[in-house]
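Engineer: have a look at this prediction, sequence included:
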Amino acid sequence: MFSLMRSLWEVFRHAFARRVTVQYPEQKAYLSPRYRGRIVLTRDPDGGERCVACNLCAVACPVACISLQATEDEHGRRYPEFFRINFSRCIFCGYCEEACPTYAIQLTPDCEMGEYKRKNLVYEKTDLMIDGPGKYPDYNFWRVAGVAIGGKDKGEAENELAAADLHSLMP
Amino acid sequence: MMPNLFPLLVIVVVLFVVLNLSAGLIWVERRLLALWQDRHGPNRVGPFGLGQIVADSIKLFTKEDWIPPFADKPVFVLAPAIVVATALISFAVVPFAPGFVIADLNIGILFLLAMSSLGVYSVVLAGWSSNNKYSLLGGIRAAAQMMSYEVFMGLSLLGVVMIAGSFRLTDIVEAQRKMWFVIPQCLGFILFLIAGVAETRRLPFDLAEAESELVAGFHSEYSGMKFGMFFVGEYIGVILISATISLLFFGGWLGPVLPPALWFALKTLFFICLFILFRAALPRPRFDQLMSWGWKVMLPLALVNLLVTGAVVLARR
């Protein structure tokens, strides 16, 4: 009986406690920078596309919501011809971000993407592409990759030794 | 002409106030529960979320009113009406202010008790006609619970009746001019409060509904406005029991400065809030605990209270 009275009193005291509710549209809950929300495609610090259309994200995706088509530009540099994410399927697991070898695909702390029509949830490349480098401001895949690409030859990448001249290799 | 119209006016006012209040209690209950659970509750629709009442009513009225094919149709339809009807009829004897009462019966308390006992038919019939084992279990529990708690509910009131010397509610209120009956009848008040919660099937004693055990008990199969009727009936019951407590133990409309009807409303509102606090704070007892508590503790206490009050009343005569 005493415990009942005490719990009545304790519950009554909560009338003066601080509210835990976040009044959502006016106040917003803090989402950490690594929050897994809307997916974006980022660019190099130079402004070029990071995505090399390797298809690893599409393979890693458990719900197969990413579809893309690879193509090459005049320098032999790969990029996606189209890149499509169906957000009505996406479960925001972040596996695509983990799979990406070039930090191109990233998840952002934005989760307000409600739509009235389902087809509006299919985001094309123009919807996904952002202008900045996202969470990795200084990373440029093409500058560290050891492949010859328009304007940069083998051995010219950052932290890369000059290519060995096979014909001059003498014991 | 005017004397004949006055009772009609009273009936209309009472119906209007009670029905609107019982709808409004949906909002009051949700806001208060939220208050005690560190939340805000419905605060989006209209000022303070008051539009929630309208929104809920529209939703209940426009929902599909479905009768399951396996149900006993006439009884199924009748059951929700009984709970609202009996609760509303009980308000016939409740005096809101001096002279403002529909029927000032000389057996007012007995009428109240009789009507609240009839209310249990609604639950039992609903449980039976739903043809669903969870509903039936809820109905059986309701029947047993009502039976046990009705007994000492009546007995706990007899102390008040003995001191006031009348079953008429207006006489009982007038007899509290010197002192509220809650002071000499403290035990009777506590017993009646517990029985009242059990009688309205509110949360510490909502074993007939028990959503964690019996889906929703007796109203599992109900939808739309039939479900709404049970809801409204429950809230009218809460208002009725709160009004009865304030009439019998807290001097009804008696009080300084403020007008009598306002005093009565304030006291009733206080007990409605207490009912909601019970819901927010107390856990539901097991069924056998409920029964043994009722028969082994409350009933003897009510009898002792009755005997002592009787002896005191006799000795002082």
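Structural biologist: Right, received. Where do you want to start?

Engineer: longest strand in chain A, please.
Structural biologist: strand A:78-86 (DSSP state E).

Engineer: neighbouring strands - and their directions - for it?
Structural biologist: Counting by DSSP bridges, the strands paired with strand A:78-86 are strand A:66-72 (antiparallel), strand A:122-123 (antiparallel).

Engineer: now chain A against chain B: closest residue?
Structural biologist: A:Val11 (3.8 Å; C-beta to the nearest C-beta). Quick note: C-beta positions are derived from backbone N, CA and C, even for glycine.

Engineer: pretty sure that residue is touching B:Ile276, no?
Structural biologist: No: counting by C-beta atoms under 8 Å, A:Val11 stays clear of B:Ile276, with 10.4 Å between them.

Engineer: out of these two, which sits in the more crowded spot?
Structural biologist: B:Ile276 (22 against 19; other C-beta atoms under 10 Å in any protein chain shown).

Engineer: so which strand or helix has the more buried one?
Structural biologist: helix B:260-281 (DSSP states H and E).

Engineer: poorly predicted segments of chain A, please.
Structural biologist: Within chain A, no range satisfies pLDDT under 70.

Engineer: need the residues of it near chain B, please.
Structural biologist: A:4, A:7-8, A:10-12, A:14-15, A:17-21, A:23 (C-beta under 8 Å from any C-beta of the partner chain).

Engineer: pull the CA atoms of the helix or strand hosting B:Ala85 into PDB?
Structural biologist: Element membership for B:Ala85, per DSSP H and E: helix B:73-90. Extracted as PDB, the C-alpha positions of helix B:73-90 are listed here (Å, rounded to 0.1, in the frame of the first residue of the first chain):
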ATOM      1  CA  LYS B  73     -25.700  -9.700 -34.200                       C
ATOM      2  CA  PRO B  74     -28.600  -8.200 -32.100                       C
ATOM      3  CA  VAL B  75     -26.700  -8.500 -28.800                       C
ATOM      4  CA  PHE B  76     -23.500  -7.300 -30.400                       C
ATOM      5  CA  VAL B  77     -25.300  -4.100 -31.500                       C
ATOM      6  CA  LEU B  78     -27.100  -3.700 -28.200                       C
ATOM      7  CA  ALA B  79     -24.200  -4.100 -25.900                       C
ATOM      8  CA  PRO B  80     -22.400  -0.700 -26.500                       C
ATOM      9  CA  ALA B  81     -25.600   1.200 -26.200                       C
ATOM     10  CA  ILE B  82     -26.200  -0.200 -22.700                       C
ATOM     11  CA  VAL B  83     -23.100   1.200 -21.100                       C
ATOM     12  CA  VAL B  84     -23.700   4.700 -22.400                       C
ATOM     13  CA  ALA B  85     -27.400   4.600 -21.600                       C
ATOM     14  CA  THR B  86     -27.000   3.400 -18.000                       C
ATOM     15  CA  ALA B  87     -24.200   5.900 -17.300                       C
ATOM     16  CA  LEU B  88     -26.300   8.700 -18.800                       C
ATOM     17  CA  ILE B  89     -29.400   7.700 -16.900                       C
ATOM     18  CA  SER B  90     -27.400   7.800 -13.600                       C
END
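
Engineer: which positions in it come out as buried?
Structural biologist: Using 16 or more other C-beta atoms under 10 Å in any protein chain shown as the test for burial, helix B:73-90 gives B:76, B:78-80, B:82-90.

Engineer: quick one: contacts for the residue sitting nearest the centre point of chain A?
Structural biologist: Nearest to the geometric centre of chain A sits A:Gln106, at 0.8 Å (C-alpha atoms, centre = their mean). Contact partners of A:Gln106, counting by C-beta atoms under 8 Å, 6 or more residues apart in numbering or on different chains, are A:Ile39, A:Val40, A:Leu41, A:Thr42, A:Glu97, A:Cys100, A:Gly134, A:Lys135.

Engineer: out of the residues you listed, list just those in helices.
Structural biologist: A:Glu97 (DSSP state H).

Engineer: quick one: which of the contacts of A:Gln106 is nearest A:Val147?
Structural biologist: Closest to A:Val147 out of the contacts of A:Gln106 is A:Cys100 (17.3 Å), distances taken as C-beta to C-beta.

Engineer: what sits against the residue nearest to that closest one when sequence neighbours are not counted?
Structural biologist: Excluding its sequence neighbours, the residue lying closest to A:Cys100 (C-beta to C-beta, 6 or more residues apart in numbering or on different chains) is A:Cys57, at 5.7 Å. The contact partners of A:Cys57, by C-beta under 8 Å, 6+ apart, come to A:Ile66, A:Tyr95, A:Cys96, A:Glu97, A:Ala99, A:Cys100, A:Ile105.

Engineer: contacts only, for B:Ile245.
Structural biologist: By C-beta under 8 Å, 6+ apart, the neighbours of B:Ile245 are B:Phe189, B:Phe192, B:Leu193, B:Gly196, B:Phe271.

Engineer: can you list the residues you listed in CSV and add secondary structure, distance to chain A and pLDDT?
Structural biologist: Converted to CSV, the contacts of B:Ile245 look like this (DSSP: H, G, I helix; E, B strand; the rest coil; distance: C-beta to the nearest C-beta, whole Å; pLDDT from 0 to 100):
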residue, secondary structure, distance to chain A, pLDDT
B:Phe189, helix, 15, 88
B:Phe192, helix, 17, 89
B:Leu193, helix, 12, 89
B:Gly196, helix, 16, 87
B:Phe271, helix, 14, 90
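
Engineer: surely B:Met115 touches B:Ala87?
Structural biologist: Yes: B:Met115 sits in contact with B:Ala87 when judged by C-beta under 8 Å, with a separation of 7.4 Å.
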